[in-house]
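S.K.: Structure, please.
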Amino acid sequence: MHPADEPVARYDAAGTEIGVAPRGVVYRDGLWHAGTGVLVRSGDGERVYLHRRHPGKLIFPGRYDCWAGGVLGPGESPAAAAERELAEELGITGVPLVPCGRFAFDDGAVRCHTFTYEVRWDGPVRHQPDEVVWGEWVTLPRLLEVLADPQSYPFVPDGRVGIERWLAAHGRTD
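M.R.: Numbering: from 1, shown residues only. Model prediction:
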């Protein structure tokens, strides 16, 4: 199935699932939907996994992100979607998800309720080649440097909102 044809759970602005639409229609028409993001941290919590999206992605192609994630399918729970996306994008399975919160993202074109999670992982990372073209472990100070340099490191907009919220909640804004 072509990614644009994949069925996606539609949500309303309040965050209730209301139907289904193809991914391409959701993105083209700026329809509310839901997604997940999983922040992968090293076992000691000092590093996060930063990656770059494939240039062929339907939205935010070639941008940097520190969240493994994607859209929810019809009737899919946020936790199930997070586990699925973590396995698909980075090859990480069998780790407990720790919920980090939920936020609504609306930049006028993309409208998404994002459910965020965190995992600790020191094992191998295996990129799904159609999703991720590069990745590496970075320290939190290095991640802040990347976020501060949008010319060199264009970041996924909703991913930026998510990590800025996470950093502020953990007192890591320096």
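S.K.: okay but residue 116 is in contact with residue 162, surely?
M.R.: Yes: counting by CB atoms under 8 Å, residue 162 is a contact partner of residue 116 at 5.5 Å. For every residue, glycine as well, the C-beta is placed using N, CA and C.
S.K.: all helices in this structure, in order from the N-terminus.
M.R.: 23-29, 78-90, 140-147, 157-169 (DSSP state H).
S.K.: With mean pLDDT and mean neighbour count added, can I get these in a markdown table?
M.R.: Shown next, in a markdown table, are the helices of the chain (pLDDT from 0 to 100; neighbours: other CB atoms under 10 Å):
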| stretch | mean pLDDT | mean neighbour count |
| --- | --- | --- |
| helix 23-29 | 95 | 17 |
| helix 78-90 | 98 | 20 |
| helix 140-147 | 97 | 15 |
| helix 157-169 | 96 | 18 |
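S.K.: would you turn the ones you listed into CSV with distance to residue 53?
M.R.: Shown next, in CSV, are those (distance: least, CB to CB, whole Å):
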stretch, distance to residue 53
helix 23-29, 14
helix 78-90, 9
helix 140-147, 14
helix 157-169, 9
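S.K.: Out of those helices, the one nearest residue 126 is which?
M.R.: Residue 126 sits nearest to helix 78-90 of all the helices of the chain, at 6.8 Å, using CB to CB.
S.K.: before we move on, the earlier item: any common contacting residues for residue 116 and residue 162?
M.R.: Counting by CB atoms under 8 Å, 6 or more residues apart in numbering, the common neighbours of residue 116 and residue 162 are 37, 39, 67, 103.
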